[in-house]
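Asker: Sequence and predicted structure below; questions after.
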Amino acid sequence: MKKITERDRQAVWVLRWIRKYPGWWHLICTPDDERMNMGMMSKLIRHLEQQQLYELIMVLLMVHRNTGYVRNALYYMTLEVVTENWNGNVKDRQWMIEGILQQLQ
């Protein structure tokens, strides 16, 4: 029998999440869905953060990157990250997620 790795466990966790939340999975993966807006985007990011599904936050942002509010949030956060790191201030994942969410308000 094949040994189950940590990556296998992570994949199963994501697949179970998808099975539990098929509507949200559809929103994450479907650009230009009429139900997606800044409020839904924020709600999804918060939920994914709570579930520690950080990879899916990136998928969500990249799938919807051509939406004005996502493009603006990513642009702003890129500038913030570069500025902070250039100043020697290493910021964590939580700081970045909160910055993105602030831009979506």
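Answerer: Yes, it's here. Residues are numbered from 1 along each chain as shown.
Asker: Quick check: residue 100 touching residue 61?
Answerer: Yes - using CB atoms under 8 Å, residue 100 makes contact with residue 61 at a distance of 7.5 Å. Where you see a C-beta, it was placed from the backbone N, CA and C, and this is true even at glycine.
Asker: Now for those two: what residues contact both?
Answerer: 73-74 (CB atoms under 8 Å, 6 or more residues apart in numbering).
Asker: what about the most centrally placed residue in the chain, distance to residue 86?
Answerer: Nearest to the geometric centre of the chain sits residue 57, at 1.4 Å (CA atoms, centre = their mean). The gap separating residue 57 from residue 86 is 24 Å, by CB to CB, to the nearest Å.
Asker: Dihedrals phi and psi, residue 31?
Answerer: Dihedral angles of residue 31 (phi, psi; degrees, to the nearest 10) stand at phi -70, psi 150.
Asker: residues near the residue nearest to it when sequence neighbours are not counted, how many?
Answerer: Once flanking residues are discounted, residue 31 sits nearest to residue 63: 5.4 Å by CB to CB, 6 or more residues apart in numbering. Residues lying near residue 63 (other CB atoms under 10 Å) number 18.
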